[in-house]
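>>> sequence first, predicted model second:
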Amino acid sequence: MDIKVGQRMSHTRVFTMEDVRLFGELSGDKGIHHVQPDSLGRIMVQGLLTATIPTKMGGDMNFIARDGCFHFLRPVYVGDTVSCDAEITSAQKDERYVRLSIQTRCVNQSKEEVMTGEISGVIRIEKDR
């Protein structure tokens, strides 16, 4: 696996009411702002549901997260399109793992930052059998 500092990846997702409902069932996060519209008719997406965008990119790499910190800067609402960019900021290889640090930045359809984060973890090195 060829992993390099500076390597980038991205993913975009539109959040639906069904996403919010299912995540609420799974997580138990059914705060009023996730089930009833605000005065503008909007339903807020759970913050950790927003954080599934970088999680999806990690899954694509077989990345095992060990530590993470997300900064929720503004709300995401049902129907918003959120694009997340991630960049590998450090990579160290040993016999068993590639240890990575990744910076993330997510923006909505208006290009407003909605979430940033730092994640560290490993990718297992598969040995020939």
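Thanks, I have the structure now. Numbering: from 1, shown residues only.

>>> for this structure, which element, helix or strand, carries the lowest mean pLDDT?
Every helix and strand in the chain was compared by mean pLDDT, DSSP states H and E; the lowest is helix 52-60, with a mean of 90.

>>> ok now that helix, how far from the chain's centre?
Between the centre of helix 52-60 and the centre of its chain there are 6 Å (C-alpha atoms, centre = their mean, to the nearest Å).

>>> who does that helix touch, helix- and strand-wise?
Helices and strands touching helix 52-60, by 3 or more C-beta pairs under 8 Å, 6 or more residues apart in numbering; DSSP states H and E, are strand 8-14, strand 81-93, strand 97-107, strand 113-124. Where C-beta positions appear, they are placed from N, C-alpha and C, glycine not excepted.

>>> strand partners (parallel or antiparallel) of the longest one?
Using DSSP bridges, the strands paired with strand 81-93 in its sheet are strand 8-14 (antiparallel), strand 97-107 (antiparallel).

>>> pick the most deeply packed of those strands.
strand 97-107 (a mean of 20; mean count of other C-beta atoms under 10 Å).

>>> what angle sits between that strand and helix 52-60?
Angle of strand 97-107 versus helix 52-60, following axes from the mean of the first three to the mean of the last three C-alpha atoms, to 10 degrees, is 150 degrees.

>>> what sits against the residue nearest to the spatial centre of the chain?
Centroid check for the chain by C-alpha atoms, centre = their mean gives Pro54 as the closest residue, at 2.6 Å. Shown in contact with Pro54 (C-beta atoms under 8 Å, 6 or more residues apart in numbering): His11, Cys84, Ala86, Ile102, Thr104, Cys106, Gly117, Ile119.

>>> quick one, longest helix in the protein?
helix 17-27 (DSSP state H).

>>> which secondary structure elements does it contact?
The contact analysis (3+ C-beta pairs under 8 Å, 6+ apart) places helix 17-27 against helix 32-35, helix 47-50.

>>> between the helices and strands packed on helix 52-60, which gets nearest to Met61?
Distance to Met61, taken as C-beta to C-beta, is lowest for strand 113-124 among the helices and strands packed on helix 52-60, at 6.1 Å.

>>> how much space separates Gln109 from Phe70?
In this view, Gln109 and Phe70 are 20 Å apart by C-beta to C-beta, to the nearest Å.
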